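J.: build me a model:
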Amino acid sequence: MMHRREVITLLGGAAAWPLAARAQQPAMPVIGFLHPASPDRFADRLRGFRQGLKEAGYVEGENVAIEYRWADNQLDRLPALATDLVRRQVSVISAPGGPVPALAAKAATAIIPVVFLVAEDPVRLGLVASLARPGGNLTGVNFFNAELGAKRLELLRTLVPGAVHVAILVNPANARTTETTLTDLEAAARAMGLQLQVFNASSSGDIDKAFEALVLDRPDAVFVSLDTFFADRRVQLVHLASRYAIPTTYALRDFIEAGGLMSYGTNFFDAYRQVGVYTGRILKGAKPVDLPVVQSSKFELVINHQTARILRLTVPQTLLVAADEVIE
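T.: Residues are numbered from 1 along each chain as shown. Down below sits the predicted model:
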């Protein structure tokens, strides 16, 4: 016969078994997510990132955790944020916000894998040794900013066939991207016979002053460069373009949804999805050196037909047919 004390001991031991088993389970891996902007505008792209993770077998909160670090457009904060993620010993750092966070992550660690998303040539940026064999601890997704810039100018010229003088709005605080953008655009403009004039803006007040200055010269159109700062100021930019009745082209559909005229650029939902896929593959054991840089090739043309009518522009049928979406 089993004594009462023995029963209690056995029951207590049985209760402890699940606790012991749980204690032996490996800790959930942690992704460090580093971005130069603020989260309020990125819900759709984060869905793309999480979809990519899911395709690789990971779901946030179930079998992976994510530590988010947003710089709120204060680029000088990125090195410290990257260092903090390294200090927390995350399993991988996802830095899909352009070259500045990617370079900050690269400077912070030579061990933790980093997955980037950049418009510029990652080899020229010094992020990887080559696209096919990245080397080191970085790999990621690249989309062709030079070709996109030239294509945007071409589409703008098609929509505004008489355009000769085009104002280019850039963010001097993002010096590396600005330099690359202007170099690529100047070559494309020469080929098309366009005259470019550069205007700088790195604050909300600068944007107002830039438009006040450019309307004095009355350009035929405005080209807003791809920059997270401008994306966060899209309502202000669209309002000013409308106020001064200047045809303006953008890199992101977000501007067109806010009332802008036309955008052509990378489908960022898909680009962030690709970053999520690579992040998940690294969590499963793949090494960046063995993951070639992905060349993103999914682009979208979006036209706001109502805005075109307000500006008294006739959208050519060729553009309407080519557009991925026409907002009426």
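J.: in the stretch 1-150 of the chain, where is pLDDT below threshold?
T.: 1-26, 144-146 (pLDDT under 70).
J.: now do the strands in it.
T.: Taking DSSP state E, counting those that start in this stretch, the strands of the stretch 1-150 of the chain run over residues 30-35, 65-70, 92-95, 114-118, 138-142.
J.: for stretch 173-185, which positions count as buried?
T.: Ala173, Asn174, Thr177, Thr178, Thr180, Thr181, Leu182, Asp184, Leu185 (16 or more other C-beta atoms under 10 Å). Where C-beta positions appear, they are placed from N, C-alpha and C, glycine not excepted.
J.: for that stretch, the distance to its chain's centre please.
T.: How far stretch 173-185 lies from its chain's middle: 16 Å, per C-alpha atoms, centre = their mean, to the nearest Å.
J.: one more: stretch 259-266?
T.: With C-alpha atoms, centre = their mean, you get 15 Å for stretch 259-266.
J.: give me the contacts around that stretch.
T.: Identification of contacts with stretch 259-266 by C-beta atoms under 8 Å, 6 or more residues apart in numbering yields 119, 143, 148, 151-152, 155-156, 159, 226, 234, 237-239, 241-242, 247-253, 255-256, 296, 298-304, 307-308, 311, 313.
J.: at 7 Å instead, please
T.: 143, 148, 151-152, 155, 159, 226, 238, 241-242, 247-253, 255-256, 296, 299, 301-304, 307-308, 311 (C-beta atoms under 7 Å, 6 or more residues apart in numbering).
J.: give me the beta-bridge partners of the residue nearest to Leu138 when sequence neighbours are not counted?
T.: Nearest residue to Leu138 in three dimensions, chain neighbours excluded: Val114, at 4.6 Å (C-beta to C-beta, 6 or more residues apart in numbering). Taking DSSP bridges as the rule, Val114 bridges to Ile93, Leu138.
J.: now do the same contact list for Val114.
T.: Ile93, Ala95, Ala102, Ala105, Lys106, Asn137, Leu138.
J.: can you tell me how far Asp184 is from Val198?
T.: Computed as C-beta to C-beta, to the nearest Å, the Asp184 to Val198 distance reads 13 Å.
J.: quick revisit: just the closest of the buried residues of stretch 173-185 to Gly280, please.
T.: Distance to Gly280 across the buried residues of stretch 173-185 (C-beta to C-beta) is lowest for Thr177, with 27.5 Å.
J.: pretty sure the closest one is touching Pro99, no?
T.: Yes - between Thr177 and Pro99 there is a contact under C-beta atoms under 7 Å: 6.3 Å.
J.: measure the residue nearest to Leu138 to Leu81 for me?
T.: Using C-beta to C-beta, Val114 is found at 13 Å from Leu81.
J.: before we move on, the earlier item: next, format the strands of the stretch 1-150 of the chain as TSV and append distance to Val277.
T.: TSV is the format used below for the strands of the stretch 1-150 of the chain (distance: least, C-beta to C-beta, whole Å):
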stretch	distance to Val277
strand 30-35	13
strand 65-70	15
strand 92-95	11
strand 114-118	9
strand 138-142	9
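J.: quick check: which of the ones you listed is nearest to Gly205?
T.: strand 65-70 (22.6 Å).
J.: paired strands for the closest one, with orientation please.
T.: If you go by DSSP bridges, strand 65-70 pairs up with strand 30-35 (parallel).
J.: what inclination does the strand it pairs with have with respect to strand 114-118?
T.: Using axes from the mean of the first three to the mean of the last three C-alpha atoms, to 10 degrees, the inter-axis angle of strand 30-35 relative to strand 114-118 is 30 degrees.
J.: what's around Thr158, how many residues?
T.: 15 (other C-beta atoms under 10 Å).
J.: how near is the spatially most central residue of the chain to Gly162?
T.: Geometric centre of the chain, nearest residue: Gly97, 4.3 Å, by C-alpha atoms, centre = their mean. Separation of Gly97 from Gly162 (C-beta to C-beta): 37 Å.
J.: cool, Leu131 as well?
T.: Leu131 is 40 Å from Gly162, by C-beta to C-beta.
J.: try Glu55
T.: 47 Å.
J.: and what of His239?
T.: 25 Å.
J.: between the two, who's got more neighbours?
T.: Remark: of His239 and Gly162, His239 carries more neighbours, 15 against 7, as counted by other C-beta under 10 Å.
J.: which residues do Thr177 and Pro99 both contact?
T.: Common neighbours of Thr177 and Pro99 (C-beta under 7 Å, 6+ apart) are Glu120.
J.: so what's Ala308 up against?
T.: Ala308 sits next to Leu261, Val315 when contact means C-beta under 7 Å, 6+ apart.
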